[in-house]
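Peer 1: Kindly generate the corresponding structure for this input.
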Amino acid sequence: MDQKTLFLHFWKHEAVATRNVISRIPQDQTDYRPHPKSRSAREIAWLIVIEEKLLVDGLESGVIDWRDHETPATVAEILRIYDEQHDEITSRMEGISIGAYEKEVGFEVAGQVLRRAQGYEYAWEFLFDQVHHRGQLSTYLRPMGAKVPSIYGPSADEMS
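Peer 2: Numbering: from 1, shown residues only. Predicted coordinates for the structure are as follows:
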């Protein structure tokens, strides 16, 4: 299995659990944060969603242009956007040549290139970052009164 096929396998597999975690955020608790320095549940959910678009745009253009995107007012809106764009983004990721994954891509913030790395490096880093933030978000669910869905196996909340 080549690296692109392996990456896309995990990309698709992780998306199911990611969507399930986002969908469990109670609509009346979207601003929940366990600590003042923590992002809110809604902000984390939005970060996960925009990372997908930033990654594919960057792999296609050769520059990941990191910029702030206004967070939607509700998790329902975030989930709607995720549902609308995830399959299209996945198709775009599948259509990117292996050569494009192998070429050097810049990571830019406010017009300044902070780093350059191979497209594959960014693809895996973005996926790992989504998994990290999904895990962070899953720890918010119980304190918000929601049930944690199955991620890599049965959830205690779904077993009881």
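Peer 1: who's in contact with the residue most central in space within the chain?
Peer 2: Among the residues of the chain, the one closest to the centroid is residue 48, at 2.9 Å (CA atoms, centre = their mean). By CB atoms under 8 Å, 6 or more residues apart in numbering, the residues touching residue 48 are 18, 22, 82, 130, 133-134, 137. Backbone N, C-alpha and C define where each C-beta goes, glycine included.
Peer 1: can we see that at 10 Å?
Peer 2: Neighbour list for residue 48: 18-19, 21-22, 78, 82, 126, 129-134, 136-137 [criterion: CB atoms under 10 Å, 6 or more residues apart in numbering].
Peer 1: Closest one to residue 149 out of those, please.
Peer 2: Nearest to residue 149 out of the contacts of residue 48 is residue 21 (CB to CB; 6.2 Å).
Peer 1: Put the buried members of the contacts of residue 48 into a PyMOL selection.
Peer 2: Buried residues among these (16 or more other CB atoms under 10 Å), as a PyMOL selection:
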select buried, resi 18+19+21+22+78+82+126+130+131+133+134+136+137
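Peer 1: Among the contacts of residue 48, name the ones in helices.
Peer 2: If you go by DSSP state H, these have 18-19, 21-22, 78, 82, 126, 129-134, 136-137 in helices.
Peer 1: host element of the residue nearest to the centre of the chain?
Peer 2: According to DSSP states H and E, residue 48 maps onto helix 41-61.
Peer 1: With residue 65 instead?
Peer 2: In the assignment (DSSP H and E), residue 65 maps to strand 63-66.
Peer 1: So which bits of that strand are buried?
Peer 2: Within strand 63-66, the residues that count as buried by 16+ other CB under 10 Å are residue 64.
Peer 1: Could I get the CA-only coordinates of the helix or strand of the chain with the lowest mean pLDDT as PDB?
Peer 2: Ranking every helix and strand in the chain by mean pLDDT, DSSP states H and E puts helix 156-159 at the bottom, with a mean of 86. Extracted in PDB, the C-alpha atoms of helix 156-159 (Å, rounded to 0.1, in the frame of the first residue of the first chain):
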ATOM      1  CA  ALA A 156     -18.800   3.200  28.600                       C
ATOM      2  CA  ASP A 157     -21.700   5.700  28.000                       C
ATOM      3  CA  GLU A 158     -23.100   3.500  25.200                       C
ATOM      4  CA  MET A 159     -22.600   0.300  27.100                       C
END
